[in-house]
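no sequence for this one, just the structure:
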Ligand SMILES: Nc1nc2c(ncn2[C@@H]2O[C@H](COP(=O)(O)OP(=O)(O)OP(=O)(O)O)[C@@H](O)[C@H]2O)c(=O)[nH]1
Ligand SMILES: [Mg+2]
């Protein structure tokens, strides 16, 4: 007999030897990144060129054997490497960034005489390029500055990128006066008796130095990008329903908090998409919610933010429970207290475990009670909360009446106007969701 297990730590250890649990927190990570320093510019002495062989020289001709090639413009130092976050659609967690020490981009190279000798034909060519450091992140990553919590951006689509630290600017190339010129200036000053108080600026190296890069500590949060969020009390059968409706195979077990991180699955629906393929929706199975989840009880709070991008919410209720309508009410209240906007979205109630006789007998009664609870909640909140679009009785285990559930979800997902607007998605991002 399993006892209710509250958290990772309290899971029964492997007998005899204590097995260290592998780290599983995948949706939140803190990283420190550092962009590269700018390289130093070149310092060249004016007038200092070099003698090079003259390719026009022929023995017996009147050409010089060697000619003087003047110095080109001194080249600038390269900018330090930027640090970029780039969406990699192949990733689905932030685990690869866990326990990483500072991630640093390359420093810019110093001004190179070889580049500088090309002269000032094009400044772009004179300044060498430094390749940026690209850190792959999964789609749906939200980037915040750790200090102050400023929101830097959100990376959603494959190919999206965000510069989080700019490399330091490379130093300018400097042409310093030749020794003869300096000597001449000194002599002139001595004669004009102005020497006192004049400081000779000869620290050309310092003037040509590049600027340092910046170091930023970031907090990355992953928000699951899904169309439908499956919520319910622990053990209601959420994971079972996901595995029945999609090809996903989440862990299913007869104890609460089996699911510790959201599972995703793709649901094929009957309707035709433009390219002749069946339409698809992404379903996300959330860890069980318990009363007080919005205050941090259970696992709920960490995961409630994943519902933000979902358009439709699927409430799974265990119809064999002592009071299914109250269970539905408890989950609704948790959602409402975390973010009232969640409860205004269309939702479908699933009464699960209909293969068991005591559930099946009470199906009508439970449906009426659930509807009554929803109506009361709506009345208590000035009519802003949504009523269930449908109440569907299924058995996730046997896979019965899943067509009914599909039919209830389809109009909510694919009817025009069911897309979230950009404003909806960003509304309250800072206030409510973290
Ligand atoms: N008889 C019956 N049992 C079911 C049905 N659906 C789920 N179960 C059982 O209910 C238990 C819990 O199922 P899960 O799918 O793990 O429940 P969950 O809601 O994902 O639970 P958590 O992840 O812990 O929140 C398992 O033992 C399932 O076999 C059903 O339709 N009929
Ligand atoms: Mg589960």
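Happy to help now that I have it. From a predicted model like this one, the values you see are computed outputs, not experimental measurements. Ligands and ions are numbered 1, 2, ... in the order given.

For the rest of this, base every contact and every neighbour count on C-alpha atoms.
Fine.

which residues of the stretch 301-434 of the chain fall in helices?
324-338, 357-361, 363-380, 402-414, 422-426 (DSSP state H, counting those that start in this stretch).

Deepest in the core, which of the ones you listed is it.
Mean neighbour count (mean count of other Cα atoms under 10 Å) peaks for helix 324-338 among the helices of the stretch 301-434 of the chain, with a mean of 20.

mind checking how far residue 368 is from residue 325?
9 Å (Cα to Cα, to the nearest Å).

returning to that earlier point: mind checking the helices of the stretch 301-434 of the chain for the one nearest to residue 221?
Evaluated with Cα to Cα, the helices of the stretch 301-434 of the chain place helix 422-426 nearest to residue 221, the distance being 14.9 Å.

rewinding a little: out of the helices of the stretch 301-434 of the chain, the one nearest ligand 2 is which?
Relative to ligand 2, the nearest member of the helices of the stretch 301-434 of the chain by Cα to the ion is helix 324-338, separated by 15.0 Å.

who's in contact with the closest one?
231-233, 289-294, 304, 315, 317-318, 342-343, 366, 369-370, 373-374, 432-433 (Cα atoms under 8 Å, 6 or more residues apart in numbering).

Now that we have the residues you listed, which of them are buried?
For those, a burial check counting by 16 or more other Cα atoms under 10 Å picks out 231-233, 289-294, 304, 315, 317-318, 342-343, 366, 369-370, 373-374, 433.

Out of those residues, which sit inside strands?
Secondary structure from DSSP state E places 231-232, 315, 317-318 of the buried ones among the contacts of helix 324-338 in strands.

now the helices of the stretch 301-434 of the chain as a markdown table including mean pLDDT?
Putting these into a markdown table (pLDDT from 0 to 100) gives the following:
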| stretch | mean pLDDT |
| --- | --- |
| helix 324-338 | 92 |
| helix 357-361 | 86 |
| helix 363-380 | 92 |
| helix 402-414 | 88 |
| helix 422-426 | 48 |
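
Those: which one's closest to ligand 1?
Of all the helices of the stretch 301-434 of the chain, helix 357-361 sits nearest to ligand 1, with 9.5 Å by Cα to the nearest ligand atom.

Is residue 141 bridged to anything, and to what?
Beta bridges link residue 141 to residue 155, residue 222 when assigned by DSSP bridges.

Could you pull up the mean pLDDT of the helix or strand harbouring residue 181?
Per DSSP states H and E, residue 181 falls inside helix 179-191. Per-residue pLDDT over helix 179-191 has a mean of 82.

on contacts alone, who are the packing partners of whichever helix or strand comes after that helix?
Beyond helix 179-191 in the direction of the C-terminus, DSSP H and E gives the next helix or strand as helix 204-207. If you count contacts as 3 or more Cα pairs under 8 Å, 6 or more residues apart in numbering; DSSP states H and E, helix 204-207 packs onto strand 174-176.
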